[in-house]
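> need coordinates for the following:
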Amino acid sequence: MAYFQSASLSASKRPELAHGETILMQQAHIGLYEGKKKLPQYQDGVCYLTSHRIVYVDNIHPLEYSIEIGLNIIRDIESYNGFLRSSPKITLHLDTQNIPIIENESSWACSICFFMNKASEDKCQLCGVNKQTNESIPITSPDTEGSSTCGVCTFINHPSMIQCEICGADLRTEKIPKEPIQSEIRLSFRSGGHTQFLQKLKNVLHTRPWEKVAEPVANTSNSRGFGISAIEDRIEKTTLETNETMADAFQDLDKLMSKAVEMVKLAESISNKFSKDPTQSNSELSTLKTYLLNLGITSPVTKDTAGSIYHQELAKELSDFLGKIFKQDDEIKALTDIYCLFNRASGAALISPEDLYKASQQFEPLKLPFRVKRFPSGLLVIHSMNMDDNRIAHRIVNHVKDNGGHLSALLLSDLEHLPLTVASEQLLVTERMGLLCRDDGPTGLMFYENLFSQ
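Have a look, this model is predicted:
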């Protein structure tokens, strides 16, 4: 485990990506080996291959046993296709010179006086005996365990002694090498996906995207030149660069996807300029935030990258997305609205309504903070875990009291910023709980507080 580091996860138990990092593939039911040694706590998890690293997220204890290893220390890879009950494996040969190995030893105990010394000390600070390491262990006689017999006078010395206490002769020692740190990591594929993972790993090791340093944003305020003409030149240069970036990105779909991160940065910079300008209207800012939302998912989950765990990974990505658009913990949205918003944010990686429904069904098994609910009419909605019928009913009763004792679906829709169908279903739920009563008259369906229930 010397080359692994702890991985940071999002609320949906997916790896948090660094700037410019994208997920290339994810594969379920992966086991880890260090050399030929099986790592017992890392035998059933999801392995994420990104443009910068390989991340293992355990299925049972994701927060405790989630680790990562950088692609920059992989020297070579080997593939084993499996045989009979042996699963396919990918062996990663690591370059041990690229990273430092951190030793866990912070102190050592003297073998003579058992005094605890600092790890940096070579001799005991109390008795002066040299620090005993695994590299050099004195030869012991076959009949005396834990001793070192002098070859000159046959005196039995303590194992830590380098010279004989009687005659001063050097005690013979033999070199016992330390157990080498394994520089091989094996990924065991228990449920397929070995070939696709290997191909993508070879491609990313060939292109080495982690070595590409993002170009810093030019700071026009520090550019040379003075006066109005210099300011106009800088503005013109920035405009030309922006136009070239947008024209290059929209030439074809592949270039658009490859420049997604750059486009998001550009949109965010425009948003910051708009927010600092008091002359811009709220409608313009709202439109720009909508465009930012459309560019929000730079590494969408696809069936090609996720394979057999597509709906589980889609559920995690959907959970992260809902965490951004749900402003309050008691918000509720129709599944059809979520479908439109999520597809707009996914760019070209569109999903079908069936895939969205199956992904939403994985919220509860994966212990994600959202749930899908079906009303008696068949309407499907997604809400947070804190939202339930009692909380809905309590809010609606308060709206009835604040509105003069009556409430319609249209008014509730305006107050809660809900679709009309969702507002109608919430009123019907509150009515079935006995808190409201209805009046279906010429002006439409109106709900009143049920005073008899009090």
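> just say helix, strand or coil for the residue lying closest to M433 once chain neighbours are set aside.
Taking Cβ to Cβ, 6 or more residues apart in numbering as the measure, M433 lies nearest to A393, with 5.3 Å between them; neighbours along the chain are not counted. Where you see a C-beta, it was placed from the backbone N, CA and C, and this is true even at glycine. Three states are possible here, and by DSSP: H, G, I helix; E, B strand; the rest coil the one that applies to A393 is helix.
> and A393, how far from E241?
55 Å (Cβ to Cβ, to the nearest Å).
> more crowded one of these two?
Counting neighbours by other Cβ atoms under 10 Å for A393 and for E241 shows that A393 has the greater number, 20 against 12.
> contacting residues for the more buried one?
With Cβ atoms under 8 Å, 6 or more residues apart in numbering as the criterion, the residues that contact A393 are 429-430, 433, 435.
> also A11?
Here A11 is in contact with 319-320, 323, 368-369 (Cβ under 8 Å, 6+ apart).
> which pair of these spans the longest distance?
Across the contacts of A11, the longest distance by Cβ to Cβ is 10.4 Å; it joins D320 and P369.
> so where's the stretch 1-150 of the chain shaky on pLDDT?
Residue ranges of the stretch 1-150 of the chain with pLDDT under 70: 1-2, 97-107, 113-114, 116, 119-120, 132-147.
> what segments of it are strands?
5-6, 23-34, 37-38, 45-50, 53-58, 66-70, 74-80, 89-94, 107-109, 116-118, 136-138, 148-149 (DSSP state E, counting those that start in this stretch).
> number of nearby residues for the spatially closest residue to C150 that is not a sequence neighbour?
Taking Cβ to Cβ, 6+ apart as the measure, C150 lies nearest to C164, with 4.0 Å between them; neighbours along the chain are not counted. As a burial measure, the neighbour count of C164 was computed by other Cβ under 10 Å and equals 20.
> list the contacts of C164.
By Cβ under 8 Å, 6+ apart, the residues touching C164 are 150, 152-153, 155, 157, 170-171.
> sitting in strands, which of these do you find?
Filtering the contacts of C164 for membership in strands, criterion DSSP state E, returns N157.
> on that earlier part again, and the pLDDT at the residue nearest to M433?
A393 is assigned a predicted lDDT (pLDDT) of 89.
> could you do Q362 as well?
The predicted local distance difference test score for Q362 is 91.
> shift numbering so it begins at 615
Yep, numbering from 615; the last one is Q976 now.
> show me what contacts it?
Applying Cβ under 8 Å, 6+ apart, the residues contacting Q976 are 925-926, 928-929, 982.
> and the residue nearest to it when sequence neighbours are not counted, what element?
What sits nearest to Q976 in space, not counting adjacent residues and going by Cβ to Cβ, 6+ apart, is A929, at 3.8 Å. Under the criterion DSSP states H and E, the helix or strand holding A929 is helix 924-939.
> in that helix, what counts as buried?
Applying a neighbour-count criterion of 16 or more other Cβ atoms under 10 Å, one finds 924-936 buried in helix 924-939.
> show me where the stretch 915-1064 of the chain has helices.
917-920, 924-939, 949-960, 967-974, 1003-1016, 1023-1030, 1034-1046 (DSSP state H, counting those that start in this stretch).
> now those helices as JSON lines including distance to E846?
As requested, the helices of the stretch 915-1064 of the chain are arranged in JSON lines below (distance: least, Cβ to Cβ, whole Å):
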{"stretch": "helix 917-920", "distance to E846": "46"}
{"stretch": "helix 924-939", "distance to E846": "38"}
{"stretch": "helix 949-960", "distance to E846": "37"}
{"stretch": "helix 967-974", "distance to E846": "49"}
{"stretch": "helix 1003-1016", "distance to E846": "55"}
{"stretch": "helix 1023-1030", "distance to E846": "48"}
{"stretch": "helix 1034-1046", "distance to E846": "52"}
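> among these, which comes closest to A723?
Ranking the helices of the stretch 915-1064 of the chain by proximity to A723 (Cβ to Cβ) places helix 924-939 first, at 47.0 Å.
> what would the strands of the stretch 615-764 of the chain look like in a markdown table with distance to G992 and mean neighbour count?
Formatted as a markdown table, those follow (distance: least, Cβ to Cβ, whole Å; neighbours: other Cβ atoms under 10 Å):
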| stretch | distance to G992 | mean neighbour count |
| --- | --- | --- |
| strand 619-620 | 45 | 12 |
| strand 637-648 | 32 | 22 |
| strand 651-652 | 49 | 12 |
| strand 659-664 | 34 | 23 |
| strand 667-672 | 36 | 23 |
| strand 680-684 | 39 | 19 |
| strand 688-694 | 49 | 14 |
| strand 703-708 | 46 | 18 |
| strand 721-723 | 67 | 13 |
| strand 730-732 | 70 | 12 |
| strand 750-752 | 76 | 15 |
| strand 762-763 | 84 | 21 |
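> out of the contacts of A1007, which is nearest to K972?
The shortest separation between K972 and any of these is 25.4 Å, and it belongs to V1043 (by Cβ to Cβ).
> ok, the closest residue to the closest one other than its chain neighbours to S774 distance?
Using Cβ to Cβ, 6+ apart and skipping residues adjacent in sequence, the residue nearest V1043 is D1003, 5.5 Å away. Distance of D1003 to S774, given as Cβ to Cβ: 74 Å.
> same deal with K947?
Using Cβ to Cβ, K947 is found at 72 Å from S774.
> before we move on, the earlier item: per-residue pLDDT of the residue nearest to V1043, please?
85.
> help me confirm that it comes into contact with L1049.
No - with contact defined as Cβ atoms under 8 Å, D1003 does not count as touching L1049 (10.5 Å).
> of these two, which one has the most company?
L1049 (19 against 13).
> isn't V671 up against P629?
Yes - between V671 and P629 there is a contact at 6.9 Å, judged by Cβ under 8 Å.
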